[in-house]
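[1] Compute the structure for the input listed below.
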Amino acid sequence: MKETKVDPRILRTRRLLMDAFITLTSKKNFKDITIKDITDEATVNRATLYSHFNDKYDLMDAVIKETILENIIKNLNHHDKFNEETIVKIFLALTNFHTDVTKQLNLNTQCRRSYESFSTIIEQKIKMELETLFYSLLLKQQSKLDLEALKMGAVILSGGIYGASVDWKNHGSLSAEQYIKKALPFIVTEVNNLK
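    Below is the predicted model of the structure:
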């Protein structure tokens with residue numbers, strides 16, 4: 001089957017709209033951003049925006065998936081085993097994300113308010129991506145368990161590791177590497193209990 005190439009102009013316009021949205025989130029709260037704001041910032045018309053996205057929520061979803069999540073998940077998907085090394089890399093990717101966001105927010109007060117307006121959505125999407133990753137890894141290693149148990153395990157691991165990264169960000173006096181080293185026995189014990 002022949003792979004179709006996407007016109008580079010389409011990709012550039014999509015990126016232009018996403019960049020405009022990112023720029024606006026550093027100036028305004030999400031709820032205050034209008035379609036007109038986005039199209040003015042991107043220097044395109046409304047029809048162009050709607051040919052790429054359904055609305056500003058769809059645009060925000062794309063920005064989260066294609067920029068924020070891509071930076072977190074890109075190095076994790078090459079893992080084919082759920083082991084200590086994978087857990088450490090996932091945790092460190094999350095702590096790097098938190099560190100980067102914190103630096104940005106400390107530089108810009110308006111950006112902080114804007115981030116807070118959709119941080120819950122970002123958290124949900126990160127957890128969903130982690131669930132998908134953990135489920136696929138658990139499925140490869142624990143194929144004898146029923147699918148519902150594996151799905152629950154993926155949900156628990158996703159929430160636990162993400163929660164640990166938030167705890168590290170908010171209360172951590174240890175380096176990320178030291179934190180995960182101390183937490184690892186609890187996570188590994190739970191994974192081993194699945195066997």
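[2] Please pull up the helix or strand immediately following the lowest-mean-pLDDT helix or strand in the chain.
    Using mean pLDDT, DSSP states H and E, helix 70-73 stands out as the lowest-scoring helix or strand of the chain, at a mean of 66. Later in the chain than helix 70-73, the nearest helix or strand by DSSP states H and E is helix 84-107.
[3] Ile156: neighbouring residues, count only.
    Applying other C-beta atoms under 10 Å, we find 14 other residues in the vicinity of Ile156. All C-beta atoms are positioned from the backbone trio N, CA, C, and that covers glycine.
[4] Kindly state the pLDDT recorded for it?
    Note on Ile156: pLDDT of 91.
[5] For Ile187, see how far away it is.
    Distance, Ile156 to Ile187, using C-beta to C-beta, to the nearest Å: 10 Å.
[6] Equivalent analysis for Glu85, please.
    Distance, Glu85 to Ile187, by C-beta to C-beta: 12 Å.
[7] More neighbours: which of these two?
    Per other C-beta under 10 Å, whichever of Glu85 and Ile187 has more neighbours is Ile187, with 19 against 10.
[8] ok, now how distant is that one from Lys31?
    Spatial separation of Ile187 from Lys31 under the definition C-beta to C-beta is 37 Å.
[9] repeat for Ser158
    As judged by C-beta to C-beta, Ser158 and Lys31 stand 28 Å apart.
[10] okay, these two: which has more neighbours?
    Neighbour count, other C-beta under 10 Å: between Ser158 and Lys31, Ser158 has more, with 21 against 9.
[11] That one reaches Leu138, doesn't it?
    No. With contacts counted by C-beta atoms under 8 Å, Ser158 stays clear of Leu138, the gap being 11.1 Å.
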